[in-house]
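*Asks:* Quick one, what's the 3D model for this:
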Amino acid sequence: MSDELTFVDSNVLVYAYDADAGTKHDKSRAVVEDLWRSRSGSVSTQVLQEFYVVATRKLVKPLARRDARAIVAAYKAWPVHRPTVDDITAASELEERHQLQFWDAMVVTSALRLGASIIVSEELQQGQHFRGLVVVNPFASTA
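*Replies:* Here you go, the predicted structure:
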């Protein structure tokens with residue numbers, strides 16, 4: 001098992017299971033599969049909740065609820081952060097300090113609480129740092 005954790009944001013998780021997402025599907029799927037292989041992925045209950053809602057209600061071809069539940073259940077094999085009241089206040093401070101959306105600040109807080117070194121997200125700024133946590137956007141142009 002890898003010593004370094006990578007935290008997966010809900011947008012990347014959704015794209016990994018949305019076959020209609022084109023290149024984003026391919027890239028996200030590769031990221032998630034690599035994290036399963038290396039046993040270095042992590043998520044939060046917030047990410048899993050967002051995944052379930054988007055995957056079953058907002059995709060062009062939504063997943064069956066049964067299938068989405070099975071996917072969510074599989075992620076109990078990964079480290080999963082369950083936010084507390086202290087995490088909400090910490091996220092509100094991050095929101096203010098870094099001018100983030102609150103839910104993005106919650107994702108960052110969860111990644112920090114798990115000790116992740118990387119957060120894979122489309123929503124946060126590529127290369128942004130939060131106390132040793134670096135944002136990687138798998139869809140950012142490398143050219």
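*Asks:* For the rest of this, base every contact and every neighbour count on C-alpha atoms.
*Replies:* OK.
*Asks:* Helix or strand, whichever it is, which one in this structure has the lowest mean pLDDT?
*Replies:* The helix or strand of the chain with the lowest confidence, counting by mean pLDDT, DSSP states H and E, is strand 129-130 at a mean of 95.
*Asks:* Describe which strands that strand pairs with in its sheet and in which direction.
*Replies:* According to DSSP bridges, strand 129-130 forms sheet pairs with strand 133-136 (antiparallel).
*Asks:* can you list contacts of the partner strand?
*Replies:* 111-112, 116-121, 124-129 (C-alpha atoms under 8 Å, 6 or more residues apart in numbering).
*Asks:* Show me the residues you listed that map onto helices.
*Replies:* Among these, the members falling in helices (DSSP state H) are A111, L112.
*Asks:* A helix includes K24, no?
*Replies:* Yes. Applying DSSP: H, G, I helix; E, B strand; the rest coil, one finds K24 inside a helix.
*Asks:* Tell me the spacing between it and Q49.
*Replies:* 20 Å (C-alpha to C-alpha, to the nearest Å).
*Asks:* more crowded one of those two?
*Replies:* K24 (20 against 13; other C-alpha atoms under 10 Å).
*Asks:* Tell me, how many residues neighbour K76?
*Replies:* Around K76 there are 14 residues (other C-alpha under 10 Å).
*Asks:* Report the mean confidence score over the helix or strand R97 falls within.
*Replies:* R97 belongs to helix 85-98 when elements are defined using DSSP states H and E. Helix 85-98 comes out with an average pLDDT of 97.
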